[in-house]
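[1] Sequence below, structure please.
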Amino acid sequence: MNGPNTEFALDSKRNVMPKKKQHVDLSDQNLLSLILRLAIPSVVGLSIHALQQVVNAIFVGALGAQAIAAVSMTLPIVVLLAAAGQGIGVGAASFISRHLGAREYLEASRGASTALALAAPIGIIVTLTLLPNLPGIFATLGATPTIMPVALDYAGTVLLGYTPMLLNTVSGFIVRAEGYTRFSMWVMMTAFILNAVLDPVFIFSLDLGVRGAALATLVSQISAVGLYIAYFTKLGGTVLVRISHISLRADRIRQLALVGAPATMTSILSALAVMLLYGAAAPFGDDSIAAVGIAVRILMVGALPITGFCIGAQAILGFGWGARDYAHILRAAKFMLFVTIAFSVLYSAAVVIFARALVSLFSDNENVTEIAVSTCIVFHLFFGLFGVQSFVTAMLQSFGRARLSAIVSLARQGYLFIPAVLLFPLVAGFNGLLASQALAELGAGIIALIVMFNQFGELRRALRHGPQERSG
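    A predicted model of the protein is given here:
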């Protein structure tokens with residue numbers, strides 16, 4: 001493992017130097033062009049992913065309120081399943097971009113190979129564990145007798161595709177970490193088109209109902225994994241994924257895990273938050289559950305492009321951190337902050353103004369529509385701060401600062417939201433449920449702002465005193 005590798009040329013001081021150039025020069029001083037080249041494909045890719053959820057919901061919506069509620073109740077399980085992929089992917093991306101910045105190419109390849117080697121067995125184990133326990137999980141979520149059989153049909157098929165989904169997620173992070181966000185975008189676009197074509201065929205033509213929607217998603221995930229396999233086997237990038245590069249050394253896995261753990265916890269808490277929302281809405285009936293599900297999906301549509309932008313541009317921050325180029329980092333960070341805030345504020349305003357038109361895309365039930373409109377408006381009151389939260393989290397992850405990343409990322413759906421959603425509905429009913437999301441968003445945004453100003457101060461001090469002043 002430590003000897004010369006035929007695909008690398010060894011340097012006397014550095015780890016290795018690649019024979020082929022990177023697709024994107026992450027040290028490019030034309031930051032506007034660099035960030036847009038990296039971020040736009042990532043935004044398009046994750047926006048397509050969000051649109052895929054919307055398309056699924058629209059087709060499923062034609063099956064009735066029970067089908068909408070069943071698929072919505074499965075959403076937190078899907079988010080929970082994605083937690084491992086997010087954690088492994090974020091840890092690997094931070095590891096890879098920092099080592100590329102330090103010109104340690106073999107170490108970056110070891111991180112990528114090890115991340116994928118961890119993903120596959122995790123997927124299989126989780127699938128085998130959850131399948132027999134789905135009825136109990138949905139009972140805990142508050143599924144009514146009319147929703148339960150539909151939810152089991154959908155979730156059972158979704159679980160069968162968990163391992164491909166996990167490999168797809170981690171592969172996407174690896175490709176984006178080396179700056180090839182365009183390929184990741186094309187993979188997501190291909191999966192979306194396939195999913196959109198298969199949805200009506202499986203749901204209506206083959207009369208498979210909600211199971212058909214899940215099956216369409218499964219086929220699209222498998223196709224995405226196939227494209228990533230082709231990329232890695234044909235040496236598409238700087239980072240080389242090889243069995244010989246897999247390393248289960250404790251220190252390397254620890255580096256991946258420490259940075260990835262907050263992302264995993266954020267995903268888990270996101271799933272728990274949605275579960276608690278549905279649990280709090282359940283006493284108010286199926287229409288309330290369906291309405292909350294619609295509002296959560298619209299919230300996700302706005303969140304994913306912002307997350308995509310940060311993920312795409314994150315490689316620049318990690319590369320600069322590895323190269324100790326603080327001026328580069330500060331310039332990139334300020335532009336990223338401007339874009340994320342501008343988008344989140346505009347999206348928030350658009351949803352509040354056009355809430356009824358957006359909700360009507362998902363349901364023609366008058367009662368569901370009325371509840372969903374008010375839910376969407378309240379959920380998006382402070383969504384303008386989500387851009388700050390996403391940027392600060394991405395910045396801290398790229399620096400490898402796990403503890404601060406956890407403080408920021410776990411606030412919105414964790415230690416601020418959970419107490420609120422458990423207590424407020426007891427005091428104010430359904431209005432208390434709505435307020436819990438809005439106030440958690442506000443509090444998390446304030447925390448992110450405080451951490452952001454502190455980090456900018458540290459970067460300016462490091463820039464003045466030189467790279468030797470950098471802290472952990």
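[2] Could you pull up the contacting residues of the residue positioned nearest the centre of the chain?
    Against the mean C-alpha coordinate of the chain, by Cα atoms, centre = their mean, the closest residue is residue 86 at 6.2 Å. Residue 86 sits next to 169, 260, 263, 264, 266, 267 when contact means Cβ atoms under 8 Å, 6 or more residues apart in numbering. From N, CA and C alone the C-beta is placed, and that goes for glycine too.
[3] Out of these, give me the two with the largest separation.
    Farthest apart among the contacts of residue 86 by Cβ to Cβ are 169 and 266. That separation is 14.1 Å.
[4] which one of these two has more residues nearby?
    Neighbours per residue (other Cβ atoms under 10 Å) separate residue 169 from residue 266, with residue 266 holding more: 25 against 22.
[5] Okay, and the more buried one sits in which element?
    Following DSSP states H and E, one finds residue 266 within helix 250-281.
[6] Go ahead and measure how far that helix is from the middle of the chain.
    In terms of Cα atoms, centre = their mean, to the nearest Å, the centre of helix 250-281 is found 11 Å from the chain centre.
[7] Tell me the buried residues in that helix?
    Going by neighbour count (16 or more other Cβ atoms under 10 Å), the buried part of helix 250-281 is 253, 255-281.
[8] That helix - what's its average pLDDT?
    Average pLDDT, helix 250-281: 80.
[9] What helices and strands are in contact with it?
    Helix 250-281 sits against helix 65-101, helix 105-130, helix 134-141, helix 286-323, helix 386-399, helix 402-409, helix 417-465, with contacts defined as 3 or more Cβ pairs under 8 Å, 6 or more residues apart in numbering; DSSP states H and E.
[10] Below-threshold pLDDT in the stretch 1-150 of the chain: ranges please.
    When residues are selected by pLDDT under 70, those of the stretch 1-150 of the chain lie in 1-27, 46, 49-50.
[11] Go again with 90.
    Counting by pLDDT under 90, the ranges of the stretch 1-150 of the chain that qualify are 1-114, 118-120, 122-123, 126-127, 130-150.
[12] And for residue 437, nearest residue in space, chain neighbours not counted?
    Nearest residue to residue 437, sequence neighbours excluded (Cβ to Cβ, 6 or more residues apart in numbering): residue 379, at 5.2 Å.
[13] give me the number of residues near the one you found?
    Number of residues near residue 379 (other Cβ under 10 Å) recorded here: 24.
[14] quick one: contacts for it?
    By Cβ under 8 Å, 6+ apart, residue 379 lies in contact with 295, 296, 298, 299, 434, 437, 438.
[15] Now with 6 Å, please.
    For residue 379, the contacting residues are 295, 299, 437, by Cβ atoms under 6 Å, 6 or more residues apart in numbering.
[16] same check, this time on residue 88
    115, 118, 119, 170, 260.
[17] With adjacent residues omitted, what lies nearest to residue 288?
    Excluding the flanking residues, the one nearest residue 288 by Cβ to Cβ, 6+ apart is residue 281, at 4.3 Å.
[18] Enumerate every residue touching the one you found.
    Contact analysis of residue 281 by Cβ under 6 Å, 6+ apart lists 288, 289, 292.
[19] same deal with residue 420?
    436, 439, 440.
[20] how about those in a markdown table, adding distance to residue 74?
    Below are the contacts of residue 420 laid out as a markdown table (distance: Cβ to Cβ, whole Å):
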| residue | distance to residue 74 |
| --- | --- |
| 436 | 22 |
| 439 | 27 |
| 440 | 23 |
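[21] Out of those residues, grab the one that's most surrounded.
    residue 436 (26 neighbours).
[22] residues of stretch 65-77 that come out buried?
    For stretch 65-77, the neighbour count (16+ other Cβ under 10 Å) marks 65-77 as buried.
[23] Restrict it to CA atoms and write it as CSV.
    Extracted C-alpha coordinates of stretch 65-77, given in CSV (Å, rounded to 0.1, in the frame of the first residue of the first chain):
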residue,chain,number,x,y,z
ALA,A,65,-55.0,11.6,0.2
GLN,A,66,-54.1,8.3,1.7
ALA,A,67,-51.4,7.7,-0.9
ILE,A,68,-50.0,11.2,-0.3
ALA,A,69,-49.9,10.7,3.4
ALA,A,70,-48.3,7.2,3.1
VAL,A,71,-45.5,8.5,0.9
SER,A,72,-45.0,11.5,3.1
MET,A,73,-44.7,9.3,6.2
THR,A,74,-42.0,7.3,4.4
LEU,A,75,-40.0,10.5,3.8
PRO,A,76,-38.4,10.6,7.3
ILE,A,77,-37.4,7.0,6.8
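[24] what's the neighbour count on residue 92?
    Around residue 92 sit 29 other residues, with neighbours defined as other Cβ under 10 Å.
[25] same question, the one 4 residues further on
    The number of residues packed near residue 96 is 32, by other Cβ under 10 Å.
[26] so who does it touch?
    Counting by Cβ under 6 Å, 6+ apart, residue 96 touches 108, 111, 112, 177, 239.
[27] so how many other residues sit close to the second one?
    I take that to be residue 111. 28.
[28] Name the nearest residue to it, ignoring sequence neighbours.
    Leaving aside its sequence neighbours, residue 111 sits nearest to residue 95 (Cβ to Cβ, 6+ apart; 4.1 Å).
[29] element containing residue 164?
    Counting by DSSP H and E, the element that carries residue 164 is helix 162-177.
[30] Tabulate the CA atom coordinates of that helix in CSV.
    Extracted C-alpha coordinates of helix 162-177, given in CSV (Å, rounded to 0.1, in the frame of the first residue of the first chain):
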residue,chain,number,x,y,z
TYR,A,162,-31.0,1.4,-0.1
THR,A,163,-27.5,0.0,-1.0
PRO,A,164,-27.5,1.5,-4.5
MET,A,165,-28.7,4.8,-3.0
LEU,A,166,-25.9,4.8,-0.5
LEU,A,167,-23.2,4.0,-3.1
ASN,A,168,-24.8,6.7,-5.4
THR,A,169,-24.6,9.3,-2.6
VAL,A,170,-21.0,8.6,-1.6
SER,A,171,-19.8,8.4,-5.2
GLY,A,172,-21.4,11.8,-5.9
PHE,A,173,-19.5,13.4,-3.0
ILE,A,174,-16.2,11.9,-4.2
VAL,A,175,-16.6,13.2,-7.8
ARG,A,176,-17.6,16.7,-6.6
ALA,A,177,-14.7,16.8,-4.1
